[in-house]
Each structure stands twice: as structure tokens, then as C-alpha cells.
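Q: Kindly return the folded structure for what I paste below:
(one chain, ligands or ions: 2)
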Amino acid sequence: EVFTSMSDMSHLLATEGEMIRAVEGYITAQEEKLEKLKRDVFEMERIHDEASRSPENFLGNPINAYLLVKQLTVDWADLQTIMSDDSTGKAMLNNLTSMADFLRWPDEEDLTGVATALMRLQDTYNLDTAQLARGNINGKKQAYRELTAADCFELGRQSYNTGDHYHTMLWMNEALKRQEMESNKTVDHADILEYLAFSTYMQGNVRQALKLTNELLAERPNHQRAQGNKIYYEEALQAQQVKKLGDDGDSLGVDAIEKGYTVSESVDVPDAWQKERRAYEQLCRGEGKISPQLAKRLSCFYQYGPSDLLRISPVKTEVVHIDPTIFIYYDVLSDREIAIIKELATPMFKRATVQNYKTGELETASYRISKSSWLKGEDHEVVAGVNKRIGSITGLNMDTAEELQVANYGIGGHYEPHFDFARREEKDAFKSLGTGNRIATYLFYIEVEHLHLEDNVEVVRMGIYPMKDEIDPELGLGPWGNRMSTLLFYMSDVEAGGATVFPYLNLSLWPKKGAAAFWYNLHPSGEGDTLTRHAACPVLVGTKWVSNKWIHERGQEFRRPCAQNYNAL
Ligand SMILES: O=C(O)CCC(=O)C(=O)O
Ligand SMILES: [Fe+2]
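A: Ligands and ions are numbered 1, 2, ... in the order given. Next up, the predicted model:
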């Protein structure tokens, strides 16, 4: 009878109309979801292909490294969320995750690590945020693509999570700029505003924080946290204004902060530490300039002694600092030796025939061996050869030298300023060795890559001939005619990344692969030479491998005799 009632029929149809629209809405939503998924997976494939072509090359760029780790963490997690809301997607995901179970998949901590490294590079090398977002490192190295608003947002979020509001502000501002330009929005405008407002407040700019929060509320009037913050910021601003009326001399009032002074640098850090830090960063950027008086005393020469070995094959030596004397010896490691030393430092698995201790049977097994257990044959020769060479150059006894220590720094990898010797307070530092303190350091450069920043060209004017506009109308060009050519002297290349720097000597070293730096850590009296304090700058591009050989006091009694205090050499 239903069908006979006209009015029931029209109700039915009306309802069905709504149902159809709901289904259409569902289809549109699914289509949009799939469209987004398509775009995302296409983008992921691009990074994937680029990285697979040459992982080392790709990851040698800090922006690429960030993009890949972000993809493996955040982007895959987003993808999983999208896929997991239907049963086909869910089943597929289960398969995928079981595939990844064999590996150590990067997690949030890895993402934080790579973001922190990028911030360190940004600070140390004064890298501009907008330029970095364009995928560009100091106008030199180009990442494989620009950062999206979401990429910048994630960097801001990471900084926020580590309590670094200064970088949160920088990156959220960049995210905002990029989001506004994007046709396919990669992140919500309001989400950026929320982080930006809070970090701006934490950086001391209450007025700007309030302005941003009002913007956020205009977009999302019901945003609860923003409503709460608005009241809070208004009160804080009022309190500040009252305070400002009270004491005029306040140097860090709102105005000062708005003029760009930030409170990021903690006040209670000791002065000496800050000074060292500043010197360290300047030297890392290659800004250290040695005085002409000192430079005049530096030299390069072939060293033919003290051993017979050097008489036959002298070592190319550069004196880069006098008192404490620091030498660089060139070409002291061959490519073959470098390859073996690198291998020594890489944990490895070897297949061997072993006896099963339960069954007593022989079986082949794969096991991890430490480097000392395979220092045999060729490897042993290399280590012995290296020892012999050092001994022959420096004349020191290598019997009590420590084993070669190998360090591999990744992007952003660094080593804060330190002494290689043990201070008097550290009585037990090398007790187990029984060989005394570290008298000298021998630092091999196994693999180094620096970013060439700019050519610091100094034009040396040849002769006294005038330039065209300097020509005296009466005298003309004079007997010598005009300046025929200009001789350009390339005085120094400005390099950045991975240097070894000595903050108290105003000295940066950028040695080449196969070279080694050498210096004495102790005065001839046995006292530590505090001027030898040094650091490894954050790696900006590529990788850096170095190897340390520390030589101890024992056995050097006749080779480097004790003395009251003069600098031997
Ligand atoms: O990597 C460097 O440049 C310096 C390393 C260093 O100072 C050390 O390992 O003690
Ligand atoms: Fe060191």
C-alpha cells in the first residue's frame, strides 16, 4: 500500500535523494583521499629513486638526509593512517610492516636527531632559513627538491619538542610563507599559527604572539587553546606595560625584543664558554685570519729526516702554527691503506667454520668480529706501516702509542672543544695503559669533504700604472703605457664544514684526504699545553673520516727530553 500513497512516496524519494548525496559525498571523499595518496606516493617514489641511485651522494646533503628520514617516519605514518581505514588497505599494511621488521626502521628519535643536526649546521654556518627551504646550502649545494610547508612545519615541530623556540619561530615563519603560496596545501594554516604564536611568546615577543593568536581565532573561532592563550597573552602584555612604566631602564622590554633582540642566549652561561663557542663557530666558517706577522713565519718544506726512510722518501710538510707547533704532513696514507683502515672501523661479519660447543660438530657460521680480532695479515701490515711512518717522521717511539682510533662523522657530526691530554685533576685517565699522558696527537684525514664557500680574491696591483680614469690629462699614460694585465692572486679559498679548529690559536685546518696533522699536547715539562684545545666542526656536506693516533709519554724520554719549559722544536 505504500506505493499507493503519493505523500509517502515523495517522502521516500526525498530521503533517497539525501542518501544518494551522501554516497556521492563518500565517493568524492574517497577520490580526494586517493588523489592525495597518489600525490604522496609519487613524491615518495621520487625521493626513493633519487636516494637509491647513490645513497652516499644523496645523504651527503643535509637537506636530502632530512627529507629521507622524514619520509621514512612522518610520511609513512601518514600514509598508514590513510590506508588503514579500509580492510584492503589494512591487510596490505600488515604485509608491509612485517617486511620492515627485519630492519631497524627510523623512528621519531632519528627524525629529532637529523633535525637537530640541521639546526646545528644552520647556526654554525649562518645558513639562511629561506635559502635552506629552497633546498640550497649557501648558494652552492642544491638538494634534490625544495622543502614544502609541511617539511618546514615538521622542522619547527621538532625544534619545539626540544624546547628550541628560536628555531621553532624561524621554521614556522617559513612554513607560513610557503603554505600561503602552495596550491596543494601540505599543512593547515591554523596549525602553523598555533606553534608560531606560542614560540613567539616564549621568545619574549608577547605583542606579536597575541597578533598571531588573533589571526588564528579569526580562522578558527572555536579553537579552545587559542582562546585561552589570547587571555593569557593580553594579561602578560598588560603586566609588561605596567612594568615598563615603572622602570625605564629595562633593556629587554617588549620594544627591545621587537627590534629583534632575542633572549635565546642563556645569561647564566659563563663568559669564557661563550667566547670559546663564538671563536669555534667563526673558525668553522673559515673566518679566522692569522696575522701577517705570524703568517710570515710559516713554511712548507720536504722533511728528509730524522730517519733513513725519510731520506729516500721525504714527507711534504707544512708548518701551520708555531708555538704550539702544528704540522700537516701530506700524502702519508695511501688509498689502499685508507680503504683498509675504514674497513677496520666498520663492524663486520665473517663466515667461518666453528665447532658447535653443544654438539661438538663443525659448522659454518656468520659472526660479528671486533676489529682487534682480525688485525692480521694485510691489516696488521697496514697498522704496522702507519706506526713506522709516524715514528720515522716525528722520531717518537711508537711502542706506547694507542691503537689507531677511527671516527666517522655523519651530517652535522662534530666534536666539541676538548684537550687530548688528561688534566692534572684526571689522575686515573690513562692509568690502565701505564704509559703516561698523551704526549702528542697524530690526526689522519681519511675522508673529508668541504663546501667551498667563496673565492677570497685579493687583487695585487702590479706596478704603479694608472687606471683609465686615473690618467692625468696633462701627463697622459707616461712612459710605460697603460696597465696591460692584472695579476690575480687567489689568496685563500673559504671552506666550510668538518674542519679541525683551535679556538685559542685562531686556526682552522682543512687538510686533504691522506694528510695528517701533528702536534704535541704536552710542554716538555710534562705540563698540558692548554692552547692545543681543539674541536671538530659539524660536517656540512658528505662524510668525514678521521683516525687518531695518540702517542704517550713513556718511551720518549730520550727522544723528547724533559725540560723546564721551552718549546722543543
Ligand atoms: O675530527 C677532528 O677533526 C678532530 C678529532 C679529535 O679532536 C679527536 O678525535 O680527538
Ligand atoms: Fe682531539
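
Q: Surely residue 551 is in a strand?
A: Yes - counting by DSSP: H, G, I helix; E, B strand; the rest coil, residue 551 is found in a strand.

Q: I figured it was touching residue 436, is that so?
A: No - look at residue 551 against residue 436 with CB atoms under 8 Å: they stay out of range, at 10.2 Å. Heads up, the C-betas are built off the backbone N, CA and C, glycines and all.

Q: Look at the two and report which has more neighbours.
A: When residue 551 and residue 436 are compared for neighbours, residue 551 comes out ahead with 28 against 17, by other CB atoms under 10 Å.

Q: Quick check, pLDDT for the more buried one.
A: Confidence at residue 551, expressed as pLDDT, is 91.

Q: what's it in contact with, if anything?
A: 390, 394, 396, 398, 400, 401, 402, 438, 439, 440, 441, 442 (CB atoms under 8 Å, 6 or more residues apart in numbering).

Q: overlap in contacts of residue 551 and residue 436?
A: By CB under 8 Å, 6+ apart, the residues touching both residue 551 and residue 436 are residue 400.

Q: picking up where we left off before, make a markdown table from the contacts of residue 551 and add neighbour count and distance to ligand 1 to it.
A: Shown next, in a markdown table, are these (neighbours: other CB atoms under 10 Å; distance: CB to the nearest ligand atom, whole Å):
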| residue | neighbour count | distance to ligand 1 |
| --- | --- | --- |
| 390 | 22 | 16 |
| 394 | 22 | 17 |
| 396 | 22 | 18 |
| 398 | 19 | 18 |
| 400 | 19 | 18 |
| 401 | 22 | 14 |
| 402 | 14 | 11 |
| 438 | 24 | 10 |
| 439 | 26 | 14 |
| 440 | 23 | 12 |
| 441 | 21 | 7 |
| 442 | 26 | 11 |
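
Q: Poorly predicted segments of this structure, please.
A: Along the chain, the parts satisfying pLDDT under 70 run over 1-4, 102, 244-269, 347-360, 362-378, 453-494, 564-569.

Q: Check which element follows the longest helix along it along the chain.
A: As assigned by DSSP state H, the longest helix anywhere in the chain is helix 6-53. Downstream of helix 6-53, the next assigned helix or strand under DSSP states H and E is helix 55-59.

Q: Pull that following helix out as PDB, backbone CA atoms only.
A: What follows is helix 55-59, C-alpha atoms only, in PDB (Å, rounded to 0.1, in the frame of the first residue of the first chain):
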ATOM      1  CA  PRO A  55      72.700   6.700  -1.200                       C
ATOM      2  CA  GLU A  56      76.100   8.200  -0.200                       C
ATOM      3  CA  ASN A  57      75.800  11.100  -2.600                       C
ATOM      4  CA  PHE A  58      72.200  11.800  -1.700                       C
ATOM      5  CA  LEU A  59      72.700  11.600   2.000                       C
END
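
Q: Just the residues contacting it, thanks.
A: Applying CB under 8 Å, 6+ apart, the set of residues contacting helix 55-59 is 50, 51, 64, 65, 68, 144, 411, 543.

Q: Nearest spatial neighbour of the first one, chain-adjacent residues omitted?
A: When you say that, I think you mean residue 50. residue 144 (4.9 Å; CB to CB, 6 or more residues apart in numbering).

Q: Could you do residue 434 as well?
A: residue 554 (7.6 Å).

Q: Which positions in the protein make contact with ligand 1?
A: 407, 415, 420, 443, 500, 534, 536, 546, 548 (CB under 6 Å from any ligand atom).
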